[in-house]
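**Q** coordinates only, sequence not included:
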Ligand SMILES: Nc1ncnc2c1ncn2[C@@H]1O[C@H](COP(=O)(O)OP(=O)(O)OP(=O)(O)O)[C@@H](O)[C@H]1O
């Protein structure tokens, strides 16, 4: 596997009894990129990500994550271990290179934010300063608060702090901004951009199309256990080539619209027809959400 590739997957399959969750999935994630996985409920995202994280076995397929088969790390628990990780290729040192932001840490209700972050920092060979991590996720004012007193959004920030305290090369984020208010989401996006600029490879699952658009270098759409398309957000589903919709208001006040592959020509024609300004003129192209819903067969 090349140094440029962080994740390499071919023909991945996983079934739970009769339910096929992942049905022959191929995926490549490059080092340093932000990759967003989108897909409807039950599409197979969590199963795929858990296999990549080394928390679930697979039925078939080839998987390499930072040059290791994550199945070798199944059952190796970095958290709670007192022994330092050994050779770089060892599953336990691999675990230290992979950050995971889980939904809800939960079990540390009576500890303060600072205590939990310090506790987790102790599991990693080259952890970042816990106070700095707390600052990065915007929890400095809550550092001495017990975790059960945090709001939902603040708990998610703590989850993120625990995912990044070990300075991971690769970070998995599962629906990271669920429950965030708009300001917190934008602050979180800045944090992701900082981590990415520092060279961290990031894989995030999200249901928010604007989040994928704002953060991802590439988006992968999973449907029915397969990756149905991978593209940059602006190219997904041939979005750039999609027809534009031109709308305007007629002199009797009705709104008319027309689909056009040459909207500029249509606007020029309308301008000539109206002798200048076209009332209520709008030109729109399909949003990422329109394209996505079409791809997964919801529209
Ligand atoms: N432990 C399990 N036992 C049985 N079936 C499971 C298990 N985990 C997932 N499944 C099934 O596998 C399929 C894929 O589930 P998965 O959780 O991977 O989807 P997802 O894309 O993450 O969905 P969501 O967006 O709802 O989180 C679903 O049909 C689900 O019901």
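**A** Right, received. Where do you want to start? Just so it is clear, the structure is predicted and the values come from calculations on it, not from any experiment.

**Q** Just the element for the nearest residue to residue 39 once chain neighbours are set aside, please.
**A** Nearest residue to residue 39, sequence neighbours excluded (Cβ to Cβ, 6 or more residues apart in numbering): residue 222, at 3.6 Å. (C-beta placed from N, C-alpha, C; glycine too.) If you go by DSSP states H and E, residue 222 is part of strand 218-223.

**Q** Does that strand pack against any helices or strands, and if so which?
**A** Where contact means 3 or more Cβ pairs under 8 Å, 6 or more residues apart in numbering; DSSP states H and E, strand 218-223 is packed against strand 34-38, strand 226-231, helix 288-295.

**Q** how about a cut-off of 10 Å?
**A** strand 19-30, strand 34-38, helix 45-53, strand 201-205, helix 209-215, strand 226-231, helix 288-295 (3 or more Cβ pairs under 10 Å, 6 or more residues apart in numbering; DSSP states H and E).

**Q** Tabulate these in a markdown table, adding columns for distance to residue 12.
**A** Converted to a markdown table, those look like this (distance: least, Cβ to Cβ, whole Å):
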| stretch | distance to residue 12 |
| --- | --- |
| strand 19-30 | 4 |
| strand 34-38 | 13 |
| helix 45-53 | 7 |
| strand 201-205 | 14 |
| helix 209-215 | 21 |
| strand 226-231 | 9 |
| helix 288-295 | 20 |
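
**Q** got the ones you listed as TSV, with distance to the ligand and mean neighbour count columns?
**A** Formatted as TSV, the helices and strands packed on strand 218-223 follow (distance: least, Cβ to the nearest ligand atom, whole Å; neighbours: other Cβ atoms under 10 Å):
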stretch	distance to the ligand	mean neighbour count
strand 19-30	3	18
strand 34-38	8	25
helix 45-53	3	22
strand 201-205	7	24
helix 209-215	14	20
strand 226-231	12	17
helix 288-295	13	18
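
**Q** Out of the ones you listed, which is closest to residue 73?
**A** helix 45-53 (8.5 Å; Cβ to Cβ).

**Q** Which element is encountered next along the chain beyond the closest one?
**A** Heading C-terminal from helix 45-53, the first helix or strand you meet, by DSSP H and E, is strand 60-65.

**Q** Give me the next element, helix or strand, following that following strand.
**A** helix 91-97.

**Q** Just give me the neighbour total for the nearest residue to residue 159 once chain neighbours are set aside.
**A** Spatial nearest neighbour of residue 159, excluding adjacent residues (Cβ to Cβ, 6+ apart): residue 101 at 5.2 Å. Look at residue 101: counted by other Cβ atoms under 10 Å, it has 21 neighbours.
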